[in-house]
Every structure is written in structure tokens, then in C-alpha cells.
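[1] need a structure here:
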Amino acid sequence: MKKGVKVLLGIVVISILVGVIFFTVDFFRAKNNQKPVFCLLQNELNDGGTKIYIGLGYKVIDYHQMQDNNTYYNDVKIGFWNMKYEEYDSNADEVNQYTSRKNVSLEELPKDYSSEQAIIDGCLIISNNNKIYNKSKLDEFLHNTSANYTEQKKPSKIRIIQYTIEGQMIIKDVEYREDGKFIITTDFTRDDFSAEEDRIISSKEYSSEEYYILKSTGENLVEINLVTNEGKAEDAILICTYPREAEIEELPSFYAKISEINQNAILVETLEGKEERINVSDKYSFQFENADNYDVGAVVKVTYTGMVMESYPAQINVVKLEKIELDDFNIVFENSSEEKTTILDSSIDGLTDYNVYSFKGKVFVIIDEKIMSLRNAILDKKITMDDIINKATSDENLVKDTYLDGGSVRYNYKDYVMIKCNTLNGNKDVYFGNTDLIS
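    Next comes the predicted model:
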């Protein structure tokens, strides 16, 4: 009898010790916002993917809550078995929350507005460490308003953040309105090294009948200016400048097809293919304002904050949803740090009598609702370089520049450029690059 009691007590003590160890490990994991390892999944909720786990005497709730106000709540809580899901108000805890301020005026922006928040809000950020964030926003703005890209301007707006030598934030809103006016509003209030009277928000209008936006790409610098029709350099208004070789950083994005829309909730499935990049999931769900502007079956480019909540479908916070008008094929250029990449080598591949290169980026093709590298698309005979060049040549809305070198042509797309060489010395190569590529 005594032996039996001892065995029973031993089992109890060991169980308690094991429980304490399990709880301690999962406790510290919860404090670091990590999932438990010594629990069993009890339930998964339809709030965005919250999971409830049960351990030896304790409960872990892994919150993944999607909010209706363009925020999300992502946290891990641990407690006893009687802990309730409702005990934690997701709106009271700002762990991993994001609230968009992209439509907030400069006067209303908080003084502690951070570069991290600005990146998510889609601001163009030109840092002091040779990096540019959200350059695609600048490319889109110039495509709508600049003489380099279009003769028919479209209303467009961009928020630009540059830093002084001392690291102070200067914010500039540049807008082209439907009435033909350029509006430049600059916020100097965050420059603590300037004189007190200079820390103001100033705004000025310029008529498009007298001024136009011009991008100038030099050997080292790129300048965006508002210049007069007379071209007087002394009258130019500088919008921004940055090093041509600056490293480009963008928020993550992927291409997908919309499979469901329920009020402001959207479910998408990633396009098949794209060998060079592996997505976290094949399905993503997210909340997005004006979801009724999109249709089930549409192909979209999804740009998100970078955080992915581990559920199925995966949960993300989307900052931009761009419709893709599908043609027979669509070229996609994604910025990268690679200086030069050979896509086709005529001496090896034998498919063309010229070489094809990309600079500072990778080139993909969307075709038959699948996405693949340009090289593989050509090798698999899904497309030819002649198809691409002929499409660019016949596009009447595309701005083209012809060089006096024998007839080389630069095709200026919104997100990239393509140069088809035809020089007097016999260069017939094709170059893809970001919009700062020079011949």
C-alpha cells in the first residue's frame, strides 16, 4: 500500500514538474509573441484566424483579428483554463497595429510621424543612406504628369520625404489637379535646426500652362523639377533629387486573382508560376476599402505591409490593390539590387541574334493567368522578343524616345523602361531597367 502511494505521489510530482516546465516555456514564448509548443489546438475562430490552445492547466490564445478600420491585431496571451477570449480588447492593445495616414493633411500629421509609418503609407522616402523607399510611387506620379511620359496629364498626388544633413524630416506634397494647377506644399516644421520663423508649412500654385514636370537623369543624380515652358534654369522649382545608383526598397507585393468579395473582405489566390519567388501561401484574405470597385476574377497586384498572419488563408494588411488589365501578355519588372543580369545570350540560347539584359531588376511575364520569368517564357516558347518589341512599337499611348545613334529606341513604361538598340556599330541588344536607366 505504501509502495502504491509513493508511486502515485511520484507520478503527481513528475506531472506537476512537467506542467511547470511546459507552462514556463510557453509563457516566455507568449511574451515574445510566439505560438506555444506544448499545447493542443482546441479551436480556430473566424475573426481572421485566432487559435485557442489548451495545455496542462493553462490556455494560450493566439490572436489574429482583422479589424474594419484598416487595422489588425496580432498577439499571444496565456492564462489559466478559465481565461476568456473576450478578456482582451484588441482595440486597447496596439501590438502590431497599422493605421493608414496616407490621406491625412500635413497639418494633421503627428509630430512623431516615423519613416516606418511613412513607408507603409506609400510616401516616397529619400534617405541619407543611399536608399529610396516606394520609388514606384514616384514612377506612377511621373507617368501621369511628366513630359517624359505623357502628353495627357492625369490628376495625381505624391508625398515626398527627404532628410536634411542633420537627419531632419522635410515633407512635401506635390499634386496635379484636374483644373491644370500644380500645388506644392512643403512642411518644414520638423526641422529643429532651422530658424524658428522658418518652421512653417508653405503652399504655392503653378499653372500647367506655364510649368511642366521634367525628370533629368544625369550620370550620378536624378532630378525632378517643375520648369517653365521657356526652360529657364533659374526659374526651375526642385521637387526632389536622389542618387541614380541609390538602392531601391519597396513594400512586398504579389500578383493574384480575386476569388471572393464579401463587403470589404477580399480573398485572392496567387497566380501560378513565378519560379524565382516562393509565396507564404497560395491564398490570402484582407480587408480593403472600396472593395466593391473590384470584381471576382480580376487579376490584381497586391501590395502589403510585410506582416503575414499564419492562418489559412493567410491574413495580410494591404496598402494598395492595383487592377491589372490583361493583354495577350503583360511584362512585370521588379526592382532588385542586381546590377546586371543576362536574360538571353544569343551565343548560347540561339533564339535571337542579340542579347537581352536587365539592370537593377528582374523581368517576368503574366500570360494565361500564370506568371513566369521572361527567360523561361521565351525558352518555353510562350512568347518571343519580337512579340514584346512589336507590342511596344505599336502602342500609340506609349512615349518613345529615338536616339541619334542609328535608331535605338527607348520605350517608357510606368514601372520600367525597355531600350532596343540599333546603333551604327552593330549593337542590337535589348535592355530592361528601372525608370532611371540611361543608354
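[2] quick one: mean pLDDT over stretch 423-439.
    Average pLDDT, stretch 423-439: 88.
[3] who's in contact with that stretch?
    Here stretch 423-439 makes contact (C-beta atoms under 8 Å, 6 or more residues apart in numbering) with 135, 139, 142, 215, 217, 219, 222, 244, 248, 331, 333, 335, 343, 353-361, 363, 374, 385, 389, 403, 405-406, 408, 410, 412, 415-422. Using the backbone N, CA and C atoms, a C-beta is placed for each residue, glycine as well.
[4] please apply the same query to stretch 298-308.
    Against stretch 298-308 from outside (C-beta under 8 Å, 6+ apart): 72, 74, 96, 98, 120, 251-258, 268, 271, 280-281, 284, 286, 294, 314-324, 326, 366, 369.
[5] mind listing what's buried along it?
    Buried residues in stretch 298-308, counted by 16 or more other C-beta atoms under 10 Å: 298-305, 308.
[6] okay if I get the residues you listed as TSV plus pLDDT?
    Putting these into TSV (pLDDT from 0 to 100) gives the following:
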residue	pLDDT
Ala298	92
Val299	92
Val300	93
Lys301	92
Val302	92
Thr303	90
Tyr304	88
Thr305	81
Val308	79
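[7] which among these gets closest to Leu56?
    Val308 (30.3 Å; C-beta to C-beta).
[8] surely the closest one is in a strand?
    Yes: checked against DSSP: H, G, I helix; E, B strand; the rest coil, Val308 lies within a strand.
[9] returning to that earlier point: sort out for me which of the contacts of stretch 423-439 are in helices.
    135, 139, 142, 374, 385, 389 (DSSP state H).
[10] drop anything exposed from those residues.
    Of the ones in helices among the contacts of stretch 423-439, these count as buried by 16+ other C-beta under 10 Å: 135, 139, 142, 374, 385.
[11] hang on, the first one packs against Ile248?
    Yes: counting by C-beta atoms under 8 Å, Lys135 sits close enough to Ile248 to count as a contact (5.0 Å).
[12] and for the two, which residues touch both?
    Shared contacts of Lys135 and Ile248, counting by C-beta under 8 Å, 6+ apart, come down to 335, 434.
[13] can you name every helix or strand that the host helix or strand of Glu338 contacts?
    Here Glu338 sits within strand 330-344, counting by DSSP states H and E. For strand 330-344, the elements it packs on are strand 356-367, helix 374-379, strand 430-433, judged by 3 or more C-beta pairs under 8 Å, 6 or more residues apart in numbering; DSSP states H and E.
[14] send the alpha carbons of the shortest one over as CSV?
    This means strand 430-433. Extracted C-alpha coordinates of strand 430-433, given in CSV (Å, rounded to 0.1, in the frame of the first residue of the first chain):
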residue,chain,number,x,y,z
VAL,A,430,17.7,44.8,-75.6
TYR,A,431,17.9,46.3,-72.1
PHE,A,432,15.2,46.3,-69.4
GLY,A,433,15.7,48.5,-66.3
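[15] and that strand, how far out from the chain middle?
    Relative to its parent chain, strand 430-433 has a centroid offset of 22 Å by C-alpha atoms, centre = their mean, to the nearest Å.
[16] ok, now which ones touch Glu86?
    By C-beta under 8 Å, 6+ apart, Glu86 lies in contact with nothing.
[17] for Ser15, grab phi and psi.
    Main-chain dihedrals, Ser15, degrees, to the nearest 10: phi -60, psi -40.
[18] before we move on, the earlier item: what lines up beside the strand holding Glu338 in the sheet?
    strand 356-367 (antiparallel) (DSSP bridges).
[19] how about the helices in the stretch 201-350 of the chain?
    Under the criterion DSSP state H, counting those that start in this stretch, the stretch 201-350 of the chain contains helices at 346-349.
[20] mind listing the strands for it?
    Here the stretch 201-350 of the chain has its strands, by DSSP state E, counting those that start in this stretch, at 201-207, 211-217, 221-228, 237-243, 247-249, 253-262, 265-270, 272-273, 283-287, 299-309, 314-323, 330-344.
[21] buried sites along the fourth one?
    Across strand 237-243, burial judged by 16+ other C-beta under 10 Å covers 237, 239-240, 242.
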